[in-house]
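# A predicted structure for the sequence below; I have some questions about it.
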There are 4 protein chains.
Amino acid sequence: MVVPGQNHRDPWFADFFKACLEDTKWLFQTEKGTPFLFPATGTAGWEASLCNTLSPGDKVVTFRYGQFSHLWVDMMQRLGLDVHVEEERWGDGADEAKLEAILRADVGKEIKAVCVVQNETTTGVTSDIAAVRRAMDAAGHPALLMVDGVSGIGALPFKFDDWGVDLAVTGSQKALSLPTGLACVAASPKALKAMESAKLNRVFLDFGDMIKTNASGSVPYTPALGLLHGFRESVRLLRSEGIENVWARHHRLGTGARLAVKAWGLKLLCENERWASDALTVIETPAGVDSGLVIKNAFAKYNLSLGLGLSQVQGKVFRIGHLGNMDEIMLLSALAGTEMALLDAGVKITPGSGVGAALAHFQKTKGIYPTREF
Amino acid sequence: MVVPGQNHRDPWFADFFKACLEDTKWLFQTEKGTPFLFPATGTAGWEASLCNTLSPGDKVVTFRYGQFSHLWVDMMQRLGLDVHVEEERWGDGADEAKLEAILRADVGKEIKAVCVVQNETTTGVTSDIAAVRRAMDAAGHPALLMVDGVSGIGALPFKFDDWGVDLAVTGSQKALSLPTGLACVAASPKALKAMESAKLNRVFLDFGDMIKTNASGSVPYTPALGLLHGFRESVRLLRSEGIENVWARHHRLGTGARLAVKAWGLKLLCENERWASDALTVIETPAGVDSGLVIKNAFAKYNLSLGLGLSQVQGKVFRIGHLGNMDEIMLLSALAGTEMALLDAGVKITPGSGVGAALAHFQKTKGIYPTREF
Amino acid sequence: MVVPGQNHRDPWFADFFKACLEDTKWLFQTEKGTPFLFPATGTAGWEASLCNTLSPGDKVVTFRYGQFSHLWVDMMQRLGLDVHVEEERWGDGADEAKLEAILRADVGKEIKAVCVVQNETTTGVTSDIAAVRRAMDAAGHPALLMVDGVSGIGALPFKFDDWGVDLAVTGSQKALSLPTGLACVAASPKALKAMESAKLNRVFLDFGDMIKTNASGSVPYTPALGLLHGFRESVRLLRSEGIENVWARHHRLGTGARLAVKAWGLKLLCENERWASDALTVIETPAGVDSGLVIKNAFAKYNLSLGLGLSQVQGKVFRIGHLGNMDEIMLLSALAGTEMALLDAGVKITPGSGVGAALAHFQKTKGIYPTREF
Amino acid sequence: MVVPGQNHRDPWFADFFKACLEDTKWLFQTEKGTPFLFPATGTAGWEASLCNTLSPGDKVVTFRYGQFSHLWVDMMQRLGLDVHVEEERWGDGADEAKLEAILRADVGKEIKAVCVVQNETTTGVTSDIAAVRRAMDAAGHPALLMVDGVSGIGALPFKFDDWGVDLAVTGSQKALSLPTGLACVAASPKALKAMESAKLNRVFLDFGDMIKTNASGSVPYTPALGLLHGFRESVRLLRSEGIENVWARHHRLGTGARLAVKAWGLKLLCENERWASDALTVIETPAGVDSGLVIKNAFAKYNLSLGLGLSQVQGKVFRIGHLGNMDEIMLLSALAGTEMALLDAGVKITPGSGVGAALAHFQKTKGIYPTREF
């Protein structure tokens, strides 16, 4: 990303930007979808998805099971949508059976969209988007399927075309390990059709302006060039690893983290294993132990940034992220730091137990890097 | 900006971000205004200004005299505002007398906002914002004054408080010489009051979320940390130079560029000298010479990026930017490259004439850098 | 270090370079010594020390207990010195009693220099320079004391003035965590006196040219500016931590590493604990296990670079470095990776045992970073 | 060059370093020569050339016509060589006729080496190495031909094999536009043969250690990895431009600079045009004008670093460098700055005259970058 200043109106830009859009399609695993790259954050990606396809008063169904799904609900409501919110325990994922029932009940097909956060960063829960799609199909419902994939896409399995997703969003600062500043969006043909009648106002986030200019490799306003260079490099790394290998790596890391938690005798906030996230692990501290103290010690003694418990789980949990440019010994480093911080906070664990459980798993399941065979 | 990954939820962030907001106030030269930093572009800054203070159907008055004022008009119309557009020749600025007449005619005070692009990058025209304010005051009109300062603030004189501006916008990629990705906005107390009744929808660009979180030094969504570090450093450089000196430097550069154009025997697109921009110079090629050819040669032979003529002045003009981290010999380099490209395109100029006129001016008016006195 | 090109003949350079020399004195903990910064490697620092103070045929005494002391011996011999080499087991340090006996026996005071490698990187052994000085004093011998501190100074205790060192050498690429390319040398007044009669040839490495030019803040040939910027920053970090704290940190890391080795049931190459290095740990693999296999797996499966066994301990040991910009969780990461690589190589260890032993030590002995108190 | 820390003992290094050596051969335009890369400066390259091939008391012939040739003479003398110095006017180059006469007179063939500085940076003079070789051949003399190419190779024509050079030296900080820290040396088979009997002491700079380790892609001591990465990239850029094009570019720049000097009515220090350097231009200020004042104003008013007059031409000349990563508008920028600084110092020149003369030449002779054709 450390490149000299460049002019996006010079001739090289068109081919470069078209390649960025192709990378975006690959990232979402889509051939049919239309990619968008906004110089903004994932929040803008949410808003772009809603504003370009819906009108004030439109009915949408969604789930709330953490701070990010909550913020998205809040956005929907403030945009004047008619939002049906299914409340789930923080620590659970999207309940497909409930969704199917709601959709079946909507005989007039008034629900315009189903909105699901794939990976809820607050709780360490990954909802099952393929199952959500199956529920929609079972109900025979034509609503759009919108997925917040900000903290998952590029790390966890995601198949835009295969799963029939209509709108998906991710950002540069998560699985791509880049600075904040790029919102990546993909829209299905059905979503683009919905755009024609969508009445929510938008200009900065308008798909139409993007489609018109992107066709010739240009953009409606100044692009974030450095980030786009970083984006190309980041996708290049993921492509060279292979998307299936990327997903497998995150699953190995997630499994290791969960084995460590078990070895410590602690509990995951996510109780149902099928929803356990491979992108981060959210751990409950024992009753009486403020999780904030673990986080403070990790940062102040060991220069380790653990994630805070947000909103209703504040003080009760802490979070270990393990997505993006992350390998086994980096996670082991974080687990070792966590062990020290737990001990500092008075949690009785056996030093080395979690790290040992994780590394035993890694040692058995990890292969040699292809370029380093001997 | 090349900093290792950092966590914006760690304790250091609050003080750091508050300092960024103070820098923003300094940049706009305001004590009374409220600063905002959006992780987006200047286009988003425009939209934030409009959406946070206006409602669909609101009357606004604005001028169109170039591509950027045109795009802002387009945004206003698409947001459903009732836009009165004064069309000016591309090459002129905002006509204060016309504005005063319009405002005086609005006896019912139905006009909610006057929107002016300070520095029109398409034409090299800087409108006189202080005079716009005087016209509004003379008409005794209470409309909000919104200024697009994207390509001017931090280079050209701008006085938010003194000039009674209500909303001003700039971006990181112009006078601050940073990558694209930060939209800086300031809002007057009157603008914040208007926010209460504004009905245009916005969430990503909502002032209210920013105000609530910024108070404690936090942000409503992930910030662009690297850019914020760059922003602090860029403002530090401007502060250490002194804002009056920054403005004087740009005036010296602009004067030099105009002397070069005169020495070449060419014409500025901006005919009225009071509007001549010190941030860039837009030059007409003689009849029969496609300005695109000058630009192509500059890029292809000399690795010099001149600006294209956009929209209705395409093929007729080219642009030389001279704002931001720019000193005299950098501009002379661009002028020398322009001379070669003009010769390549068949324009008859005396080699060295423009450079010589500019450097003679610089040599007489430039002082020694304070840290380098001998 | 990422700075634009600069001209070392511009006026700012003199003050900057004088500050670099002051930093060098601080690094060696000397007030009386004269500092030198050569744009070269530690090997050049060795040669500068010898060539500037000795003549062909001069008698020197030194110890060989690893590859680096061996290479220094080889240099002395090739420079035509008359070298008395005390051979020690690889894994032991400089035997002060033997040295004292040799010096006492030299009634004619023909020995001109005693040369000792402080931290032998091949074996993980730190010789006791203060004790070496005491042995020289006890023998009443006037020989110069030369110390190779390349892999120790800035990490391990080193006191040029207090210990009566005459020549000391370090390099940018070890405790300073910089790229290779700066050889830092300090010379006592006695060493400078010896310079007057030294007949070994040198020009690039001549102290005299340096002294003459450095006096006014200039240099005899082009300096490595980027590295000097890095040097200043690196020393600034060490100074702000406090040299005693830096030494304590390395002792904590070294102790942790040794506790891990013990928990694994493995042996250090350094048998005598008083010589155990806090800069790196050199570990023997069990009989029948090629240490190269541990290293290969560490690199190929876990992207972890362990140090090879060099020369006569090849295949028998591997090395874990823990000096420079290194904290507890970085070392724990390396220890965890080592555990996996040991398991891969068939060494029976309990997963997590070494990491657990080390982290338990760190958790008890590590304090909060001063800037992060809560 | 901004790469994470790497271990030069990891397996990738051997191929990488062998490629660096191939690049070095290309840089010197040699197939037969042996390349060396020392982590040091050009001064060390000089010393390596002398020490590896000569013995104390050996006769050498050389020319002194500037500060750098003077310093090399000084080195030869301090190394105990028997140096025949031909003194030339500062501003002239190596006089081949004199050399031929000296060599013819040496009937006993006692002269072991002829040492010539190709591009004398003090005076802007490029000696004619091909002609020097012809003189040696005409005299039928077997002495080694050693060339200091530090400020020329990679910018000015240099043909190691074709010209029968035996030892050539360059550094990273000149034509390669890298930081200081790599000394590149090439040695002919004849030079390597001379190595066998050379008695000057050297270890750090020993060719033998390099040859032994380089054969397998390793090095005798820690390499400067970052610089080597920069070296590869720098040579890659030169290779992609084409060495003949690189030389032509420098000739175009040099011609432009000389046309500017002529237009100013000033004089080159180099009076004989056949020796005029295309790497830098050294200009005399008119009688009564201290060239230091031009340099001070250039730096203090325009942030332009001109070269000082060194030693006997101090106060009389100033230098403009134009080698390495330099194109036409960069040089025009420097020429424009020089015009201003000349005016500041009271030199009567016509503003724009020099820049105009140079740019008229560039406009006529410069082609389009191959990748930018339209």
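Thanks, I have it.

# CA only for contacts and neighbour counts going forward, please
OK.

# pLDDT weak spots in chain A?
Low-confidence segments of chain A, defined by pLDDT under 70, are located at A:1-5.

# At the geometric centre of it, which residue sits there?
Closest to where the C-alpha atoms of chain A average out (C-alpha atoms, centre = their mean) is A:Ser151, at 2.2 Å.

# right, and that one touches A:Leu280 too?
No. Proximity of A:Ser151 to A:Leu280 does not meet the contact threshold set by C-alpha atoms under 8 Å, at 9.1 Å.

# shared neighbours, these two?
A:Thr121 (C-alpha atoms under 8 Å, 6 or more residues apart in numbering or on different chains).

# Show me what from chain A comes close to chain C.
On the criterion C-alpha under 8 Å from any C-alpha of the partner chain, chain C has as its neighbours in chain A the residues A:296-297, A:299-302, A:327-330, A:332-334, A:336-337, A:339-341, A:343-344, A:350-357, A:359-360, A:362-363, A:366-369, A:372-374.

# Pull out the buried members of these.
A:296-297, A:299-302, A:327-330, A:332-334, A:336-337, A:339-341, A:343-344, A:351-357, A:359-360, A:362-363, A:368 (16 or more other C-alpha atoms under 10 Å in any protein chain shown).

# Now do the domain split for chain A, please.
Listed by automatic domain parsing, the domain ranges of chain A are A:13-241, A:243-367.

# Relative to B:Leu99, which of those is closest?
Closest approach to B:Leu99 among the domains of chain A (C-alpha to C-alpha): domain A:13-241, 26.4 Å.

# how close does the residue nearest to the centre of chain A get to B:Ala40?
Taking C-alpha to C-alpha, to the nearest Å as the measure, A:Ser151 falls 20 Å from B:Ala40.

# A:Lys112 too?
For A:Lys112, the distance to B:Ala40 under the criterion C-alpha to C-alpha works out to 29 Å.

# Looking at the two, which one has more neighbours?
For A:Lys112 and B:Ala40, the more surrounded residue by other C-alpha atoms under 10 Å in any protein chain shown is B:Ala40, and the numbers stand at 29 against 20.

# so who does the one residue in the stretch 101-250 of chain A that gets nearest to chain C touch?
Closest contact between the stretch 101-250 of chain A and chain C, by C-alpha to the nearest C-alpha, is at A:Arg249 (12.3 Å). A:Arg249 sits next to A:Asp327 when contact means C-alpha under 8 Å, 6+ apart.

# So it lies in a strand, does it not?
No. Assigned with DSSP: H, G, I helix; E, B strand; the rest coil, A:Arg249 falls outside any strand and is helix.

# Now, the buried ones among the residues of chain A next to chain C that are in helices?
Secondary structure of these is defined by DSSP state H; positions in helices are A:296-297, A:299-302, A:328-330, A:332-334, A:336-337, A:339-341, A:343-344, A:353-357, A:359-360, A:362-363.

# The nearest residue in space to A:Phe299 that is not next to it in sequence: how many residues sit nearby?
If the residues on either side of it in the chain are set aside, A:Phe299 comes closest to A:Ser305, at 5.5 Å by C-alpha to C-alpha, 6 or more residues apart in numbering or on different chains. Other residues within reach of A:Ser305 by the criterion other C-alpha under 10 Å amount to 22.

# So A:Ser305: helix, strand or coil?
Taking three-state DSSP as the rule, one finds A:Ser305 in the coil state.

# could you pull out the strands for the stretch 51-200 of chain A?
With strands called from DSSP state E, counting those that start in this stretch, the stretch 51-200 of chain A shows them at A:59-64, A:82-87, A:111-117, A:119-120, A:125-126, A:144-148, A:167-171, A:183-187.

# so which of those gets nearest chain D?
When the strands of the stretch 51-200 of chain A are compared by C-alpha to the nearest C-alpha, strand A:167-171 sits nearest chain D, at 25.0 Å.

# Determine how far that closest one lies from the middle of the whole chain.
Taking C-alpha atoms, centre = their mean, to the nearest Å, one finds strand A:167-171 lying 8 Å from the centre of the chain it belongs to.

# quick one: that strand to strand A:111-117, angle?
Our comparison of strand A:167-171 with strand A:111-117, counting by axes from the mean of the first three to the mean of the last three C-alpha atoms, to 10 degrees, yields an angle of 30 degrees.

# Helices along the stretch 1-150 of chain A, start to end?
Using DSSP state H, counting those that start in this stretch, the helices of the stretch 1-150 of chain A run over A:13-28, A:42-51, A:67-78, A:96-105, A:129-138.

# Show me which of these has the highest average neighbour count.
Of all the helices of the stretch 1-150 of chain A, helix A:42-51 carries the top mean neighbour count, a mean of 25, counting by mean count of other C-alpha atoms under 10 Å in any protein chain shown.

# what's it packed up against?
On a contact count with 3 or more C-alpha pairs under 8 Å, 6 or more residues apart in numbering or on different chains; DSSP states H and E, helix A:42-51 meets helix A:67-78, strand A:167-171, strand A:183-187.

# Let me have the ones you listed in JSON lines, extended by distance to A:His8.
As requested, those are arranged in JSON lines below (distance: least, C-alpha to C-alpha, whole Å):
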{"stretch": "helix A:67-78", "distance to A:His8": "33"}
{"stretch": "strand A:167-171", "distance to A:His8": "22"}
{"stretch": "strand A:183-187", "distance to A:His8": "19"}
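
# Now these in TSV, please, with extra columns for distance to chain D.
Shown next, in TSV, are these (distance: least, C-alpha to the nearest C-alpha, whole Å):
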stretch	distance to chain D
helix A:67-78	34
strand A:167-171	25
strand A:183-187	27
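
# Of the ones you listed, which is nearest B:Ala48?
Go through these one by one with C-alpha to C-alpha and the one that ends up closest to B:Ala48 is helix A:67-78, at 15.4 Å.

# hmm, that closest one touching chain B?
Yes. For helix A:67-78, a contact with chain B is found by C-alpha under 8 Å from any C-alpha, at A:75, A:78.

# what angle sits between that helix and strand A:111-117?
Between helix A:67-78 and strand A:111-117, the angle formed by their directions is 150 degrees, by the same axes, to 10 degrees.

# distance of A:Ala14 from A:Leu21?
Relative to A:Leu21, A:Ala14 is positioned 11 Å away (criterion: C-alpha to C-alpha).

# I meant A:Leu342, not that one.
Shown here: A:Leu342 relative to A:Leu21, a distance of 44 Å by C-alpha to C-alpha.

# cool, A:Ala215 as well?
Here the criterion is C-alpha to C-alpha. By it, A:Ala215 lies 10 Å from A:Leu21.

# what's the answer for A:Asn297, then?
Distance check for A:Asn297 against A:Leu21: by C-alpha to C-alpha, it reads 43 Å.

# The domains of chain A: which one's closest to B:Pro56?
Closest of those to B:Pro56 is domain A:13-241, at 9.7 Å (criterion: C-alpha to C-alpha).

# Endpoints of the closest one, how far apart?
Start to finish, the residues bounding domain A:13-241 are 27 Å apart (C-alpha to C-alpha).

# How far does it sit from its chain's centre?
Here domain A:13-241 shows a centroid-to-chain-centroid distance of 10 Å under the convention C-alpha atoms, centre = their mean.

# C-alpha coordinates for stretch A:20-39, CSV please?
What follows is stretch A:20-39, C-alpha atoms only, in CSV (Å, rounded to 0.1, in the frame of the first residue of the first chain):
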residue,chain,number,x,y,z
CYS,A,20,-10.4,-4.9,-8.2
LEU,A,21,-14.0,-5.6,-9.1
GLU,A,22,-13.1,-9.1,-10.3
ASP,A,23,-11.3,-9.7,-7.0
THR,A,24,-14.5,-8.6,-5.2
LYS,A,25,-16.5,-11.2,-7.1
TRP,A,26,-14.0,-13.9,-6.2
LEU,A,27,-14.1,-12.8,-2.6
PHE,A,28,-17.9,-13.2,-2.5
GLN,A,29,-17.7,-16.4,-4.6
THR,A,30,-20.0,-15.0,-7.2
GLU,A,31,-20.2,-15.1,-11.0
LYS,A,32,-23.7,-13.6,-11.3
GLY,A,33,-23.5,-10.9,-8.7
THR,A,34,-22.4,-7.3,-9.3
PRO,A,35,-19.6,-6.1,-7.2
PHE,A,36,-19.3,-2.6,-5.6
LEU,A,37,-16.4,-1.0,-3.7
PHE,A,38,-17.3,2.0,-1.7
PRO,A,39,-14.6,4.2,-0.1
